[in-house]
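[1] build me a model from this:
(chains A and B)
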Amino acid sequence: MSSTPPSSLHLAVALDGAGWHPASWREPVARPHDLFTAGYWADLVTEAERGLLDFVTIEDGLGPQSSHFLDPDERSDQVRGRLDAVLIASRVAPLTRRIGLVPTVVATHTEPFHISKAIATLDYVSAGRAGLRVQITARPNEAAHFGRRTIPRIEAYDHPDTGGLVAGLVDEAADYVEVVRRLWDSWEDDAEIRDAATGRFIDRDKLHYINFEGRFFSVRGPSITPRPPQGQPLVTALAHQTVPYRLVARQADIGYVTPHDAEQARPIVAEIRAEQEAAGRAGEPLHVFGDVVVFLDDDQAAAENRRARLDALAGEPYTSDARIFAGTPDQLADLLQELHTAGLTGFRLRPAVAGHDLPAITRGLVPELQRRGAFRRAYEADTLRGLLGLARPANRYAAATA
Amino acid sequence: MSKPLKQIHLAAHFPGVNNTTVWSDPRAGSNIEFSSFVHFAQTAERAKFDFLFLAEGLRLREQGGQIYDLDVVGRPDTFTVLAALAAVTEHLGLTGTINSTFNEPYEVARQFASLDHLSGGRSAWNVVTSWDAFTGENFRRGGFLPQEERYSRAKEFLAAANELFDSWHGDEILADQETGTFLRDAKAGAFVHTGQHFDIHGQFNVPRSPQGRPVIFQAGDSEEGREFAASEADAIFSRHATLEAGQAFYTDVKNRLAGYGRRHDQLLILPAATFTLADTDAEAEELAREVRRQQVSGATALKHLEFVWNRDLSSYDPDGPLPDIDPDVSDNHISKGRAQVRMYRDPLATAREWRELAAANNWSIRDLVIETGNRQNFIGSAETIARTINEFVQADASDGFILVPHITPTGLHEFADKVVPLLQEQGVFRTEYEGPTLRDHLGLAHPDDVRDERVAS
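    Numbers count the residues shown, from 1 in each chain, chains lettered A, B, ... in the order given. This is a model prediction of the structure:
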């Protein structure tokens, strides 16, 4: 049960470089020379925490950002280059106290064993505020950075003629998450006993081989890192269609979806809930968040003008998978509440310009939602699971032997 | 004229998962909670140490088919905890041990370059190898690498990572808001690496970090390991902490540098060293004996004897005599995930020698393991330890030490409070950090300057 009132919604912010608009770095408020410093990220996350947000996500990728679907674009007029998202999250963890930290991890080319202990460690250094956003990549150039597999070219992730490639990558990501989760449980909470009488540091009966064997890899376990403070840090994923909806329904605590209005939201939520039921998770809490790109100003004309100015700088109108909103905090609160009634339990806002729209969220939108009784007035829990109304789960291996 | 005094380098090894760490001591704290790491790192920084050192192992050790339970078990992810420690320290270098077998260059280079940015130039990489299928069971490729190829993969891994670090030069980001030019060169980060182990190309996506490349450590002691260090490393994490063995190793490795066009001061020799500190030398000797008995319980003694015997010895009395039965000489070793067991190349001879030693001294199994195991390197009063460390460094047995305390996380306090001031008084250890980066602390040039020097010569 959530400890927040039922009318309350959850708010996260998606951080990506100078912001989600490709020309965001050119705004006077942007700090393009600081993008690769700890101070820049600490300032953003601190601002998000000031607004009592549930968590931040941090974008990442295993190649340069690109305006093309598959290939590098070799553009020099947009931000290129980024730091590892897990390490950014960890670097800011000791500087914050309540806000959740959810870095992006790419399942396609990385090791579930490494990521499991990395997120467990993020949970330790943040005292229970860690999560991950799992992502796949079908970019051939990113595969070439690793040289371990080749990935055939496809037209789009939702193109009918992907030859099962995307479904395969999503299946692999589902196995990856399964391994990450089993490894988090591979130590029972009370495995460390420090029993001086017998000289045993651990009770090895409380450590478990996970013995995962799948189509894509096998992992033996246990983890080298004890079970993290939250037991299971949050698993989140962005999904635009049935195959990834299924991943969300089976493996995630939060799915991010991109309906542009309440009418689009209802069938998406219904589909995820049906998949959730089919996966045998009907009783479990699963959040469905709407992603919205925001240009937020005190009057609508200012927001729209800013969007137009940035589009002019970029040389083309900004497009997105998600709804693009330009308006006032009051109008955005209306939109979020309407989408909330369509079944979305929270929102991941993508600030068009981090230096402008993030403070507009924390200092404009949040007070407006608070006035409406739709957002917390103080942090009510000290873990990310707690903020989202998720109980600390029992350990799957302990349950099996109980 | 006498030689100018060498400056000593000191580092702190977070207590690890072997029996050096005495977890049973009432003062011992958590080895996994972040507060222990913060405490330890901040103590090292207060003492003006060069860096913190973290070891790594990618599979829990087993013995006799069961997870080894007598030592500390469990540790954090190296990169993640170092990035968090960057937030609670300002100057301390952050050295992480990262395996070149169960990782890929693109990802590791991203992680070190990111850590270097996020710490303002304080990252270092201890490059280690492994090959065993035992560890491989936790990874996608399993035990894919033949033992004899582990150094060739490590060398190529590091070469590829260096190409990635160097694929950005540091002047690409213009970020001119007026003209809209973010990158001076849209091809920044372009790389192609083709070799025996890696065939990779594309664009690296982390701009040049403050140190250019992380400081490189090497820890292997074999002939191949020494050559690898002489050709590639900035520092060696060695095991030779006695005066004679240290001098021999030091001379051997430094003499290899010329073959790679490198100077003596471009590779630091930093052995791991344990210490026992007390008010007087006599008290320290007594304390050292007590600590050794804590480190080697009866149960631990039997397990360590099994490293040589390669048999289940659980039915033996650790306070009784050594087994009459001979070691099982077999490739399938009772102990898995532990490099140490490979030291005993001729177990039959070792067993014979130990039986003779035990008989001559009337030692039990436990006595023998205590006496033949690693004694603390530095035992004495603060004055004695400071003097000894300085003598070792000035006599070229090392360039400093990576200290391994036996208590988590407070085991450095006395050293910081009592020994460091004496070294500072003698003018052989810094009283303030002189620069922001780990290269500054270690007196190592930025890689761009090294390259320029090689080009000019």
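[2] pLDDT below threshold where in the stretch 251-400 of chain A?
    Applying pLDDT under 70 to the stretch 251-400 of chain A flags the ranges A:399-400.
[3] that one: strands as residue ranges?
    Secondary structure of the stretch 251-400 of chain A by DSSP state E, counting those that start in this stretch: the strands cover A:254-257, A:287-296, A:323-327, A:346-351.
[4] I'd like those strands as CSV, with mean neighbour count and distance to residue A:204 appended.
    No exception for glycine: its C-beta is placed from N, CA and C like everyone else's. CSV is the format used below for the strands of the stretch 251-400 of chain A (neighbours: other C-beta atoms under 10 Å in any protein chain shown; distance: least, C-beta to C-beta, whole Å):
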stretch, mean neighbour count, distance to residue A:204
strand A:254-257, 26, 34
strand A:287-296, 25, 36
strand A:323-327, 19, 52
strand A:346-351, 26, 41
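[5] what residue is smack in the middle of the chain?
    All of this is about chain A. residue A:133 (3.7 Å; C-alpha atoms, centre = their mean).
[6] that was the other one, I meant chain B.
    Note: chain B centre (C-alpha atoms, centre = their mean) maps to residue B:237, 5.0 Å.
[7] chain neighbours aside, what residue packs nearest to that residue?
    The shortest distance from residue B:237 to any residue other than its chain neighbours is 4.3 Å, reached at residue B:219 (C-beta to C-beta, 6 or more residues apart in numbering or on different chains).
[8] against chain A, how distant is that neighbour?
    Relative to chain A, residue B:219 is positioned 18 Å away (C-beta to the nearest C-beta, to the nearest Å).
[9] pLDDT below threshold where in the stretch 1-150 of chain A?
    A:1-7.
[10] describe which strands the helix or strand harbouring residue B:126 pairs with in its sheet and in which direction.
    For residue B:126, the element it lies in under DSSP states H and E is strand B:123-128. Strand pairing for strand B:123-128, using DSSP bridges, gives strand B:93-99 (parallel), strand B:215-218 (parallel).
[11] give me the mean pLDDT for that strand.
    For strand B:123-128, the mean per-residue pLDDT is 97.
[12] does residue B:3 belong to a helix, a strand or coil?
    Here residue B:3 is recorded as coil under DSSP: H, G, I helix; E, B strand; the rest coil.
[13] what do you get for residue B:269?
    Residue B:269 - assigned by three-state DSSP - is strand.
[14] re earlier: mind putting the strands paired with strand B:123-128 in a markdown table, mean pLDDT and mean neighbour count included?
    Listed next are the strands paired with strand B:123-128 as a markdown table, based on pLDDT from 0 to 100; neighbours: other C-beta atoms under 10 Å in any protein chain shown:
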| stretch | mean pLDDT | mean neighbour count |
| --- | --- | --- |
| strand B:93-99 | 97 | 25 |
| strand B:215-218 | 97 | 26 |
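[15] residue ranges of the helices in chain A, please?
    A:38-50, A:85-92, A:112-125, A:140-146, A:165-184, A:242-251, A:262-278, A:300-314, A:329-341, A:354-360, A:366-371, A:384-387, A:396-401 (DSSP state H).
[16] what's the fifth one packed up against?
    Of the remaining helices and strands, those touching helix A:165-184 by 3 or more C-beta pairs under 8 Å, 6 or more residues apart in numbering or on different chains; DSSP states H and E are helix A:112-125, strand A:131-135, strand A:212-213, strand A:218-219, strand A:234-238, helix A:242-251.
[17] that helix relative to helix A:242-251, how many degrees between them?
    10 degrees (axes from the mean of the first three to the mean of the last three C-alpha atoms, to 10 degrees).
[18] do the first one as well
    If you take the same axes, to 10 degrees, helix A:38-50 sits at 70 degrees to helix A:242-251.
[19] and helix A:38-50, what other elements does it pack with?
    Where contact means 3+ C-beta pairs under 8 Å, 6+ apart, helix A:38-50 is packed against strand A:10-15, strand A:55-58, helix A:85-92, helix A:354-360.
[20] what's the closest non-adjacent residue to residue 337?
    You didn't pick a chain, so chain A it is. Nearest to residue A:337 is residue A:374, by C-beta to C-beta, 6+ apart, at 6.3 Å.
[21] wrong chain, I was asking about chain B
    Spatial nearest neighbour of residue B:337, excluding adjacent residues (C-beta to C-beta, 6+ apart): residue B:61 at 4.0 Å.
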